[in-house]
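>>> output the structure for:
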Amino acid sequence: MVNDLLEGVHLIASVEAISLGVQFGIHPWVLYDIISNAAGNS
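Numbering: from 1, shown residues only. Coordinates of the predicted model:
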């Protein structure tokens with residue numbers, strides 16, 4: 001149960017980061033590559 005909650009938190013944080021990056025003009029696939037190759041991939 002706690003695992004599912006933490007997974008949801010990480011998913012929401014990733015979506016918020018991509019949304020913010022898109023607002024600044026960064027392509028979503030570039031943001032996806034950055035997040036998936038950084039510590040966010042853990």
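>>> any idea where the helices of this structure begin and end?
2-23, 28-37 (DSSP state H).
>>> deepest in the core, which of these is it.
helix 28-37 (a mean of 12; mean count of other Cβ atoms under 10 Å). Any C-beta I mention is one placed from the backbone N, CA and C, and that applies to glycine too.
>>> nearest spatial neighbour of the spatially most central residue of the chain, skipping sequence neighbours?
The C-alpha lying nearest the average C-alpha coordinate of the chain belongs to Ser14 (Cα atoms, centre = their mean; 1.9 Å). Of all residues not flanking Ser14 in the chain, Ile35 sits nearest, at 5.8 Å (Cβ to Cβ, 6 or more residues apart in numbering).
>>> and the one you found, how far from Val2?
23 Å (Cβ to Cβ, to the nearest Å).
>>> what of Asn37?
27 Å.
>>> sorry, back to before: would you list the helices of the chain in JSON lines and tack on mean pLDDT?
What follows is those, written out as JSON lines (pLDDT from 0 to 100):
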{"stretch": "helix 2-23", "mean pLDDT": "91"}
{"stretch": "helix 28-37", "mean pLDDT": "88"}
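>>> how about Ala38, phi and psi?
phi -100, psi -160 (degrees, to the nearest 10).
>>> tally of neighbours for it?
Using other Cβ atoms under 10 Å, Ala38 has 9 neighbouring residues.
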